[in-house]
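Asks: The following comprises the amino acid sequence and a computationally predicted model.
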Amino acid sequence: MVKITFQAVSAPKADKDNEEDHIVIPQAHDQQTLPVKGKKHFPTRLCSLICGVVVLIVGLTLASIYAYRDYYYPQQLAAGRDFFHCRVVFEDTVYAPLRGRQELEENVGIYLDENYEQISVPVPYFGGCDPADIIHDFERGLTAYYDIALDSCYITELNTTMVMRPRNLWELLVNLKVGAYLPHTYLVREEMVVTGRVRNMRQLGPYIHRLCYSKDTYRLRRRSQHQRVERRDTKKCQSIRHFENPYVVETRICNRF
């Protein structure tokens, strides 16, 4: 009689066999990934934004220029008035080696319908001249100088050979571009002498009357270029520099009283 027996297989051995037969495939999420640096791209959005801003600014500038030329100036001309801020570089031929080139600044108001000009000369950068307000009234044929430093007005006949008419002056200033320097120019001198006091202010017209109201007002007479200023008049003279033409005028006013 033959006895047949079976030996039990332990569990660990089976597990070992299973491990040998089982192949583990690593998953993608189990792998350790390294950060990848992205490529630096050209900042196209920033460039587009800058180009857009530049185009907008250029467009607004051009629109302003066209509006100023096509709308503002015709409106001002239709209203019969216009205002300018002007500067001019000039040379005094007498004192040129000492002073060199000088600059003069003024504000100009042109009233085409009323046919007069009003000029305001601020305190100059150089000494020897007074700030002033000036009116050239072409209807009355009169010029008024208000010396701000002395608080006095001076009236004389309008010199149409030295003062451009409102329309011509307006065209000159427009063509020379408002706010720009006028071409390099020269200085012309004229001398005035006080002849007496003005009593009746209303005969001067509304514009000069408004300028000189409640101020000491005197009449002037042009002194001939051949006449010499006396020594006793030298200390009683003051000068006003202005321009209402392509050159600068120095008006010297002397009081002999």
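Replies: Received, thanks. Numbering: from 1, shown residues only.
Asks: which residues of the stretch 1-150 of the chain fall in helices?
Replies: Per DSSP state H, counting those that start in this stretch, the stretch 1-150 of the chain carries helices over the ranges 11-21, 44-67, 73-79, 96-99.
Asks: Quick check: residue 107 vs residue 53, distance?
Replies: Going from residue 107 to residue 53 by CB to CB, to the nearest Å gives 35 Å. Using the backbone N, CA and C atoms, a C-beta is placed for each residue, glycine as well.
Asks: can you give me the strands in the protein?
Replies: For the chain, applying DSSP state E gives strands covering 81-91, 101-111, 116-121, 132-137, 142-147, 152-157, 181-197, 216-222, 237-242, 248-254.
Asks: Give the pairing partners of the fourth one; include direction for each.
Replies: Spelled out, that is strand 132-137. strand 116-121 (antiparallel), strand 142-147 (antiparallel) (DSSP bridges).
Asks: swap in the first one?
Replies: As defined by DSSP bridges, the strand partners of strand 81-91 come to strand 101-111 (antiparallel), strand 181-197 (parallel).
Asks: Just the buried residues of it, please?
Replies: The neighbour-count check on strand 81-91 (16 or more other CB atoms under 10 Å) flags 81, 82, 84, 86, 88, 90, 91 as buried.
Asks: cool, the second one as well?
Replies: Within strand 101-111, the residues that qualify as buried by neighbour count (16+ other CB under 10 Å) are 102, 104, 106, 108, 110, 111.
Asks: which residues sit in contact with residue 249?
Replies: Neighbour list for residue 249: 162, 187, 188, 189, 190, 241, 242, 243 [criterion: CB atoms under 8 Å, 6 or more residues apart in numbering].
Asks: who does the third one bridge with?
Replies: Beta-bridge partners of residue 188, counted by DSSP bridges, are residue 249.
Asks: Run through the residues that contact it.
Replies: Residue 188 touches 162, 247, 248, 249, 250, counting by CB under 8 Å, 6+ apart.
Asks: ditto for the last one
Replies: Contacts of residue 243 were listed using CB under 8 Å, 6+ apart, and they are 86, 88, 104, 106, 182, 185, 249.
Asks: One more pass at 7 Å, please.
Replies: Taking CB atoms under 7 Å, 6 or more residues apart in numbering, we find residue 243 in contact with 88, 104, 106, 249.
Asks: and the gap between the last one and residue 117?
Replies: Shown here: residue 249 relative to residue 117, a distance of 13 Å by CB to CB.
Asks: How about the third one?
Replies: From residue 106 across to residue 117, the span is 11 Å (CB to CB).
Asks: How about the second one?
Replies: When distances are taken as CB to CB, residue 104 and residue 117 turn out to be 16 Å apart.
Asks: And residue 124, by the same measure?
Replies: 20 Å.
Asks: what about those two, which has more around it?
Replies: Set residue 124 next to residue 117 and count neighbours by other CB atoms under 10 Å: residue 117 wins out with 24 against 18.
Asks: Wait, that one touches residue 167, no?
Replies: No: checked against CB atoms under 7 Å, the pair residue 117 and residue 167 is beyond contact range at 10.5 Å.
Asks: which ones are touching residue 121?
Replies: Residue 121 sits next to 106, 131, 132, 240, 241, 242 when contact means CB under 7 Å, 6+ apart.
Asks: ok, so of these, who is nearest residue 214?
Replies: residue 132 (17.2 Å; CB to CB).
Asks: Any idea what the closest residue to the closest one other than its chain neighbours is bridged to?
Replies: Distances taken as CB to CB, 6 or more residues apart in numbering put residue 240 closest to residue 132, at 4.5 Å, once the chain neighbours are dropped. Judged by DSSP bridges, the bridge partners of residue 240 are residue 251.
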